[in-house]
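# Let's see this in three dimensions:
(2 chains)
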Amino acid sequence: MKFLRGLIRIYYFLILFLPGLVVVWATLSHLSPKILFDKLYLSAFKQSLLIASSTMVTATSLGTLCAILIARFRFPARRLWIVLHTLPLFFVPYQFALAWSLLLPSGWPSHLLFSPAGVIFVLTGNLYPLAFWFSLVAFVSVPPEEEESALLVRPPRKVFWHITFRRSLPYLTGAALLIFLLAFSEIGVPTYLGVNVLPGEVLTRFAAFYDFHGAMTTAFPLAILSLGLFFLEKHLFERLSFPGRIVERGLVFRAGPWQAAAALFFLISVAMVFLLIPFGALGHKAFNLESLSLALSQGWRSLGWSLFYGFLAASLAAVWSFLSRCLIGSREQYLLSWLTLLNFFLPPVILAVGLIYFWGKLSPWLYGTSFLLVAGLLARFSFLPYQILSAAHQNLDPSAEEAAILGGASRLRIVQKILFPQMRKWFYLGLMLVFVFSLNELGLSTLLYPPGAEPLVVRLYTLSVNNPLGVSAALALMNSLTTLGVVIILWRKSLDWSR
Amino acid sequence: MKDSIRICNLSKGFGEENVLRRINLEVQAGEIVAIIGVSGSGKTTLLRLVAGLETPDQGEIYLGERLVSKAGEVLVPPYQRRIGFIFQNLGLWEHMNVEEHLRFVTKDPERLEELLAFFGLQAHRNKRPHQLSGGQKQRLAIARALAQDPAYLLLDEPFSNLDVPRKKELRQEFLRIKQEKKPAMLYVTHDPLDVRLLSDRTAVLHEGYIVQFGPYEELLQRPSHPIVRELLEI
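Numbering: from 1, shown residues only, chains lettered A, B, ... in the order given. Take a look at the predicted model:
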């Protein structure tokens, strides 16, 4: 048991704590204020702020509206709507940019796409599922009795604004902040659409000019902003609870036929614009023998590497999160909760630069191996299984564990026979999320993949710049179908295992 | 008829399960009717149907002269029924303080002050539910239910989480409300003592049916079903 606890501590010290510390130290110690007042830099900074804040507003509004319609109206096929409005989150955002560039005719629509407005549009489509899920959870978290007691004195619309919406505000704010941060640190979409943003500046300075000091200085405002948002989000997250049910009681709007038709039209339109049409465009362009065979010949090795990195990172993150939750004391749990979230909040480009710097100094022989990318994925995504398993563990009845202790079972046996069977479903959910997000992580992968072993997400990105569009479309589809396959298999398995 | 609750031939099911079957019941203004039954016998569902929070499968509900619900339809929405409902877990609004709770229901500042004074909540007007004691929360729930001067009061085990002295105090409170405001009150309880001390008449629900309905003494002397004996601990 001591050995296991020791391993867990080494893991979080080396993967979560030290690289993050190095990032902060390197950023502060290499500040060069001259760069910060450079015109190009300031324009990239302003552009990033504009894109992130606009995406935050549009994606949060869109996601919340979809959640209201699904949670508070009794429409048929609710599960289907939930799936349709979740899926865009699981795909690489710049493949939507690619799809829309295939669809839009040249002229002003195309110019609009290759501008900050286009970036906002594509990122909105990719990130609104986050707001959708946060809102959905918020609406089902309001105890039905609170809404019902208000329904006795006020009409449903007022009850929604005064009770449901006000009670959901922490969740909506949480979603908005998260969307802002992800949009702010996004690199693939703006770079593909030719819009200069701050993470792009960091990447260019580091990867193109090998200017570590310049990269870290450029990263400074990004890191400060991320840290500020992190503290806000941490404060908010502590107030949220995540129940696992969809409410059948409480406030339900009864829509007339026209209202119902309009609402359904809206839900379908959003799914069409942000999921079905882009995929249709990719499919249409990709489905010819030449493109498919070229994509397969150029992409299959990368696909293998993607699955390898994803699987390794997901398994390690899930096992580590589960063991730390079950074996580590509550003070350390608190620290871990902070560390995992902090690492997630660091923009991937900064995290990658920090990891290269840290591991390059500590053990240069690790540089250029798969370890660095897996370590990056672990640092970025450990927060997902950790937070999920923490919530699951907190919801368990402690008497089950106490009964086993009184029965004389060892800690390891309790973990194996009592805790794991009860948390298995959440374990696989965490594993699935890390797997899927690892498959689509571009910022870390671009900087950390070992030579000759590039994951599909990087391959697609580099090929989409100078390859025939049909091949890029086929590669994008290959990536999406892999993601979808992983989601379906692990989701079904997690349901089977939870029975 | 004025301000009475009249339930005619009411049935309600959820999926395959029939929770209430052909219920007939009348509560006069100023009368307290207790509803007793084992867990899952449909007591809470009956209150929710009267409040308009559920739709009946069959039958009608009248509030006064007005038909408010019929099979498959809620004709009068809950907020137009003049109903005060005290939920079992109170349903207080966690994001509002005591004063905001009452202001959400009544716009009249005098009425608000009167309620705060009546329920001893003046000193706690700026507190949110999690800052109140169990008894204060209970009083806030009652104050909120009374704030709109309801003609009908529905109480779903309002004493279930209280200690004996607090229960005693609140029973007195309800008797005072009955005397002064004369609402028609439907009162769900498990406690035979509540039935004895508070109710004018009692309905015993069992497997979805009302198996006996009458004054407490009648139930005590001539129980028509073994479940009545069990519930009243005869």
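
# drop to CA atoms for contacts and neighbour counts, all remaining ones
Will do.

# Enumerate the residues of chain B near chain A.
Contact residues of chain B with respect to chain A, defined by C-alpha under 8 Å from any C-alpha of the partner chain, are listed as B:51, B:53, B:78-85, B:87, B:89-95, B:105, B:148.

# make it 10 Å
Proximity of chain B to chain A, by C-alpha under 10 Å from any C-alpha of the partner chain, involves residues B:48, B:51-54, B:77-96, B:101, B:104-106, B:141, B:144-145, B:147-148.

# starting at the chain centroid, how far to the worst-scoring helix or strand of chain B on mean pLDDT?
Taking mean pLDDT, DSSP states H and E as the measure, chain B has helix B:164-181 as its least confident helix or strand, at a mean of 84. When distances are taken as C-alpha atoms, centre = their mean, to the nearest Å, helix B:164-181 is centred 14 Å away from the chain's centroid.

# Would you mind identifying the next helix or strand past that helix?
Toward the C-terminus, helix B:164-181 is succeeded by strand B:184-188 as the next helix or strand (DSSP states H and E).

# Can you name the next helix or strand after that following strand?
Once the chain leaves strand B:184-188, the next helix or strand it forms, by DSSP H and E, is helix B:192-198.

# Tell me the gap between the helix or strand just after that following helix and the middle of its chain.
The helix or strand immediately downstream of helix B:192-198 is strand B:201-206, counting by DSSP H and E. Average the C-alpha atoms of strand B:201-206, do the same for its chain, and the two points are 14 Å apart (C-alpha atoms, centre = their mean).

# tell me which element the residue nearest to the spatial centre of chain A is part of?
The centre of chain A sits closest to residue A:437, judged by C-alpha atoms, centre = their mean, with a distance of 6.1 Å. Counting by DSSP H and E, the element that carries residue A:437 is helix A:420-439.

# Now that helix - C-alpha only, PDB.
Presented in PDB, the C-alpha positions along helix A:420-439 are these (Å, rounded to 0.1, in the frame of the first residue of the first chain):
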ATOM      1  CA  PHE A 420     -14.300  -0.100  -7.800                       C
ATOM      2  CA  PRO A 421     -17.500  -2.000  -8.600                       C
ATOM      3  CA  GLN A 422     -19.500   1.000  -7.500                       C
ATOM      4  CA  MET A 423     -17.400   3.500  -9.300                       C
ATOM      5  CA  ARG A 424     -16.700   1.500 -12.500                       C
ATOM      6  CA  LYS A 425     -19.200   3.300 -14.600                       C
ATOM      7  CA  TRP A 426     -17.500   6.700 -13.800                       C
ATOM      8  CA  PHE A 427     -14.100   5.200 -14.200                       C
ATOM      9  CA  TYR A 428     -14.900   4.300 -17.800                       C
ATOM     10  CA  LEU A 429     -16.600   7.600 -18.500                       C
ATOM     11  CA  GLY A 430     -13.500   9.400 -17.400                       C
ATOM     12  CA  LEU A 431     -11.300   7.100 -19.500                       C
ATOM     13  CA  MET A 432     -13.500   7.700 -22.500                       C
ATOM     14  CA  LEU A 433     -13.400  11.500 -22.200                       C
ATOM     15  CA  VAL A 434      -9.600  11.600 -21.800                       C
ATOM     16  CA  PHE A 435      -9.300   9.200 -24.800                       C
ATOM     17  CA  VAL A 436     -11.500  11.300 -27.000                       C
ATOM     18  CA  PHE A 437     -10.000  14.700 -26.100                       C
ATOM     19  CA  SER A 438      -6.500  13.200 -26.400                       C
ATOM     20  CA  LEU A 439      -7.300  12.100 -30.000                       C
END
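
# picking up where we left off before, residues touching the residue nearest to the centre of chain A, list them.
If a contact means C-alpha atoms under 10 Å, 6 or more residues apart in numbering or on different chains, then residue A:437 has A:89, A:90, A:91, A:92, A:310, A:314, A:377, A:380, A:381, A:483 as its contacts.

# Look up how far chain B lies from it.
Per C-alpha to the nearest C-alpha, to the nearest Å, residue A:437 is found 35 Å from chain B.
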